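Trainee: Sequence first, then the predicted structure, then my questions.
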Amino acid sequence: MSKTPAPLDADPYYEGVPRYMIDVYDWAYVDPKWVRALDHNWVVAVLLFLNDQRLIRAYLNEIGEGARVWQVAHVYGDLVRRAAQKVGPAGVFHVTDITPVQIEHATRKLAGMAWTRVIRADAASFAVEESYDLICSFFLLHEVPEEKKHEIVDNMLAKLPRGSKAVFVDYHNPAWWQPIRYILKVVNHYLEPFAETMWKNEIQHYAREADRFTWRKRTFFGGVYQCVVVEHKP
Ligand SMILES: C[S@@+](CC[C@H](N)C(=O)[O-])C[C@H]1O[C@@H](n2cnc3c(N)ncnc32)[C@H](O)[C@@H]1O
């Protein structure tokens with residue numbers, strides 16, 4: 001006799017996970033079997049065409065010892081550990097994520113580092129108790145629907161104190177001569193339906209009050225990636 005599958009909501013790994021994550025990224029960030037298989041540095045290196053270390057450095061270089069940092073979503077591999085180590089015991093390192101399994105993985109990676117906290121929250125609505133020096137989104141925006149991109153950028157900037165920085169590392173519009181452009185077109189079509197608007201829109205397009213901030217953009221690898229540092233205007 002065939003067994004009726006349990007509804008997804010009855011599975012703790014799916015509880016409270018937004019629809020777009022289940023529909024598009026179940027295999028990448030929700031189903032624990034897949035996440036266990038994929039959570040490695042080499043996967044990040046392959047996904048980023050071996051640009052992982054310089055993109056990670058673009059973020060880590062913005063972290064000073066003793067800083068108070070909020071990373072808005074978990075990333076495969078050792079990035080959260082490296083960011084937390086750079087902050088050190090004199091600082092604060094908070095990472096939020098929306099899926100239970102990613103919370104589990106981040107918690108394991110940061111075990112024993114008393115200045116860190118892993119919090120289950122939507123980056124679009126996380127209510128911050130801390131005054132952060134740095135708020136970073138590392139490859140989150142391209143994975144969320146348009147409305148959510150607006151909400152995440154607005155929430156990060158609303159929580160950004162004067163004198164602090166927001167850092168966005170993500171995809172960008174690749175130059176026409178960059179062969180990766182054509183590979184990504186196919187990948188986006190089949191696997192990343194929310195990514196291609198990052199080619200059309202600057203990140204500041206997603207901010208309701210973009211004029212209140214300065215936006216410094218650097219691109220990498222023939223325009224495939226960008227790092228944007230945002231600060232309040234003087
Ligand atoms: C940072 S992005 C992509 C990073 C990159 N592909 C990697 O190597 O891991 C992936 C993470 O974003 C999380 N995520 C998706 N939507 C979110 C949201 N609204 N708030 C917080 N985290 C979210 C996913 O659960 C996942 O852990």
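Mentor: Received the coordinates, thanks.
Trainee: how about the helices of the chain, start to end?
Mentor: Remark: helices assigned in the chain by DSSP state H are 19-25, 32-38, 41-47, 52-60, 79-87, 100-109, 146-158, 180-190, 197-200.
Trainee: Distance check, Phe221 against the ligand.
Mentor: Distance, Phe221 to the ligand, by CB to the nearest ligand atom, to the nearest Å: 16 Å. Bear in mind the C-beta positions are built from the backbone N, C-alpha and C, glycine included.
Trainee: and what of Phe220?
Mentor: Remark: distance between Phe220 and the ligand (CB to the nearest ligand atom) = 15 Å.
Trainee: Quick check, pLDDT for that residue.
Mentor: With respect to pLDDT, Phe220 has a value of 98.
Trainee: Quick check: it touching Gln53?
Mentor: No. Using CB atoms under 8 Å, Phe220 is not in contact with Gln53, being 11.2 Å away.
Trainee: Have a look at those two and say which one is more surrounded.
Mentor: More neighbours surround Phe220 than the other of Phe220 and Gln53, with 16 against 13 (other CB atoms under 10 Å).
Trainee: so what's the more buried one up against?
Mentor: The contact partners of Phe220, by CB atoms under 8 Å, 6 or more residues apart in numbering, come to Asn51, Arg54, Leu55, Ala58, Gln226, Cys227.
Trainee: Mind doing that once more with 7 Å?
Mentor: Taking CB atoms under 7 Å, 6 or more residues apart in numbering, we find Phe220 in contact with Asn51, Arg54, Leu55.
Trainee: can you pick the most crowded of the residues you listed?
Mentor: Neighbour max across these (other CB under 10 Å) = Leu55, 22 neighbours.
Trainee: residues in contact with stretch 140-149?
Mentor: 20, 25, 72-73, 123-124, 152, 168, 170-171, 192, 194-195, 197-198, 203, 206.
Trainee: buried residues in that stretch?
Mentor: By 16 or more other CB atoms under 10 Å, the buried positions in stretch 140-149 come out as Leu140, Leu141, His142, Glu143, Val144, Lys148, Lys149.
Trainee: what's the answer for stretch 147-160, then?
Mentor: Neighbour-count burial for stretch 147-160 [16+ other CB under 10 Å]: Lys148, Lys149, His150, Glu151, Ile152, Val153, Asn155, Met156, Leu157, Lys159, Leu160.
Trainee: State the pair within the buried residues of stretch 140-149 that is farthest apart.
Mentor: His142 and Lys148 (11.2 Å; CB to CB).
Trainee: residues of stretch 45-62 that come out buried?
Mentor: Leu48, Asn51, Asp52, Leu55, Ile56, Ala58, Tyr59, Leu60, Glu62.
Trainee: Kindly report the residues of this protein close to the ligand.
Mentor: 21, 29, 44, 47, 72-76, 96-99, 102, 122-124, 138-140, 143-144, 148 (CB under 6 Å from any ligand atom).
Trainee: can you rerun that using 8 Å?
Mentor: 18, 20-21, 25, 28-30, 38-39, 43-44, 47-48, 72-77, 79, 96-99, 102, 121-124, 126, 137-140, 143-144, 148, 152 (CB under 8 Å from any ligand atom).
Trainee: Contacts only, for the residue found closest to His142 once you drop the neighbours it is linked to in the chain.
Mentor: Taking CB to CB, 6 or more residues apart in numbering, and ignoring the residues beside it in sequence, His142 has Ala195 as its nearest neighbour in space, at 4.0 Å. Contact analysis of Ala195 by CB under 7 Å, 6+ apart lists His142, Tyr171, Asn188.
Trainee: Many thanks, we can stop here.
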